[in-house]
Structure formats: C-alpha cells, structure tokens
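**Student:** A predicted structure for the sequence below; I have some questions about it.
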Amino acid sequence: MSNVLHCRQLTKSYFQGKAAIETKVLHSLDLTVKSGELLAIVGSSGCGKSTFLHIAGALDSPTEGEVWINDINIHKLTDKERAHFRNQHIGFIYQFHHLMMEFSAEENVAMPLLIKGTAPKIALKEAQEMLSQVGLSHRFEHRPGELSGGERQRVAIARALVTKPSLVLADEPTGNLDFDTAEQIYQLLRELNKTVNTSFVIVTHDLTLAAKMDRQLRLDHGQLKPMDNRTVETLVDKSAEPVVKPIEKSEKSYV
Ligand SMILES: Nc1ncnc2c1ncn2[C@@H]1O[C@H](COP(=O)(O)OP(=O)(O)O)[C@@H](O)[C@H]1O
Ligand SMILES: [Mg+2]
C-alpha cells in the first residue's frame, strides 16, 4: 500500500512580541498515513492539533521539516502550484466551517468543483448529490446564515468531500453535531473510503468517532504517540451507542 501523507521531522514555533518569545508547538513530528487509512488524532486543547492539520494541509508552513502528499513535497511548491495541488488532492474540514456567507449551500459545495474547471451545471448537480448524502436535500438554496450550526458543519463536510480527494483532513468535524448526525457523517466517510479509497486524518474530541477509525494517535508534547487500543475502548461508553442507521435522505432537520 502506498503512502498518501508523509510528515518528516515537522517543527512549528510561533514567535511573540518584540522579544520574539518562542512557543514551540510541534517538535520533530513524524507521521505516515497509508493510502485508504482512517486515522484519528486526539489531544488536549491547545496541544497543537489544528496547527498540525493546517501544516499537513498546506494552509501553513512548518518552521522545519517536510510534508509529502502523494509523493509531492508540498511546501516546495510555489503558492500557485500549492493552491492547485490542494484543490486536486486535499479536502479540508475546518474547526469553524469557513463557508462563504453570501453564497447558498449548493454554491458553497460546488465551489471546489468550479475552481477545478467542472462545468457549472455538473458542479451544481454534484453539489446537490453530496448535500443529499449529508442529509441536506431540503437546504440547497439556504445561505449559511439561514442554517443551524450542525447544518453549516454538514455543508462544510460536503464541500470537503465533493471533489473526492485522496486525503481529507478534518478538524473536529463532528464537534457541532448530535450523536445521530455524527454517526451519519461517519457512515459517509466510511463509504467514501470504501468507494474512492479516500484517506482521512481526523482531529477529534469525540472518542466514539476516534475508536471507529483504523488507528488512533495522541498529540502530546508536539509529537504523535500511539494510543493503546484498550485505552480507546475504555474511554468509549459503548452502551451509549444507538443502532447504526444509514444516511437519511428525508426532509427531517437534524439539529
Ligand atoms: N498564530 C498563532 N500565533 C501564536 N500562537 C499560536 C498561533 N496559533 C496557535 N498558537 C498557539 O499554539 C498552540 C496550539 O494551538 P492549536 O494548534 O490551535 O491547538 P489545538 O487545536 O490542539 O487546540 C496554542 O498554545 C496556541 O495558543
Ligand atoms: Mg484546534
């Protein structure tokens, strides 16, 4: 199996104030994600999860180290090449949805396809299909301001998945969702993983979701460390899980 993501000796420091006081967030972090793998990353608030994801997704640069995606060293690309690469290969689900408020749900989701050069009619159709898959078939023309927090998050998820990228990086994707909706999103990720071999790196506080991934790592003191499976299982209260339901396409509003 080939690798979709390879991070080598990543270090990230922020420098504050006139004295340029250093905050070292990542320290020589190494990570390899195999093609088709589902990886969960957990860690306490402020430990650097978002920082790591932004660097892995080419949204920010490391102080030192390399990020390879599909055998391309992404921080060696020019800004233009990197933007193109992101559009072709990476789906990013932000911690806060970052939707364009003046555009409808279907326009927001169609945007990555339009940037890719897909014809508008086809882009809109594919956006609608993806929105239906996240249970929003009744919200195509709503703007983000007319949606609930959970619905906005689902639009953001649909936007990240619509291009069927080889790697999806997700920052707390189920943070605003109730248990049933989070379960539906998980089913969607699994399906995409099965049908187009998409790999997922998911930062989450949701231990139920983390436990369902192929592998779990903990970000601790700037490095990714293995998490013993038994630790994950003990942390998750299995009795709280409802029966797994398929993704609904009904008119029901979830959140
Ligand atoms: N742009 C920035 N400038 C300075 N410090 C930052 C910046 N972004 C994040 N940090 C600091 O880096 C640490 C990790 O932040 P973050 O990656 O957002 O953590 P997490 O996502 O795990 O909660 C925090 O201590 C935060 O204050
Ligand atoms: Mg964060």
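**Tutor:** Looks like it arrived, so ask away. Numbering: from 1, shown residues only. Ligands and ions are numbered 1, 2, ... in the order given.

**Student:** In which helix or strand does the residue nearest to Glu172 when sequence neighbours are not counted reside?
**Tutor:** In space, and not counting its chain neighbours, Glu172 is closest to Gln95: 5.0 Å by C-beta to C-beta, 6 or more residues apart in numbering. For every residue, glycine as well, the C-beta is placed using N, CA and C. Assigned by DSSP states H and E, Gln95 belongs to neither a helix nor a strand.

**Student:** got it, and the one 4 residues further on?
**Tutor:** Element membership for Leu99 (DSSP H and E) is empty, with no helix or strand holding it.

**Student:** Can you give me every residue that contacts it?
**Tutor:** 108, 144, 152, 155-156, 159 (C-beta atoms under 8 Å, 6 or more residues apart in numbering).

**Student:** at 6 Å what do you get?
**Tutor:** 108, 144, 155 (C-beta atoms under 6 Å, 6 or more residues apart in numbering).

**Student:** Please list all residues in contact with the closest residue in space to it that isn't next to it in sequence.
**Tutor:** Ranked by C-beta to C-beta, 6+ apart and with sequence neighbours excluded, the top spatial neighbour of Leu99 is Pro144, at 4.3 Å. Pro144 is in contact with 99, 101, 152, counting by C-beta under 6 Å, 6+ apart.

**Student:** okay, Pro144: pLDDT?
**Tutor:** With respect to pLDDT, Pro144 has a value of 95.

**Student:** Then Lys238?
**Tutor:** According to the per-residue confidence, Lys238 scores 43 in pLDDT.

**Student:** Leu10: how many residues sit nearby?
**Tutor:** When neighbours are counted by other C-beta atoms under 10 Å, Leu10 registers 25.

**Student:** What parts of the stretch 51-200 of the chain come near ligand 1?
**Tutor:** Contact residues, the stretch 51-200 of the chain versus ligand 1 (C-beta under 6 Å from any ligand atom): Thr51.

**Student:** Residue of the stretch 51-200 of the chain closest to ligand 1, please.
**Tutor:** Thr51 (3.4 Å; C-beta to the nearest ligand atom).

**Student:** Geometric centre of the protein: which residue is closest?
**Tutor:** Ala170 (1.6 Å; C-alpha atoms, centre = their mean).

**Student:** Excluding sequence neighbours, find me the nearest residue to that residue.
**Tutor:** Among residues not flanking Ala170 along the chain, Ile93 sits closest, at 3.9 Å (C-beta to C-beta, 6+ apart).

**Student:** what sits against the one you found?
**Tutor:** Going by C-beta under 6 Å, 6+ apart, the list of residues near Ile93 reads 156-157, 160, 170, 173.

**Student:** Greatest separation within those residues: which pair is it?
**Tutor:** Ala156 and Ala170 (9.5 Å; C-beta to C-beta).

**Student:** Shouldn't Gln9 be within a helix?
**Tutor:** No: going by DSSP: H, G, I helix; E, B strand; the rest coil, the assignment for Gln9 is strand, not a helix.

**Student:** Can you get me a residue count around it?
**Tutor:** By the criterion of other C-beta under 10 Å, Gln9 has 13 neighbours.

**Student:** now it, nearest residue through space, not along the chain?
**Tutor:** Gly65 (4.4 Å).
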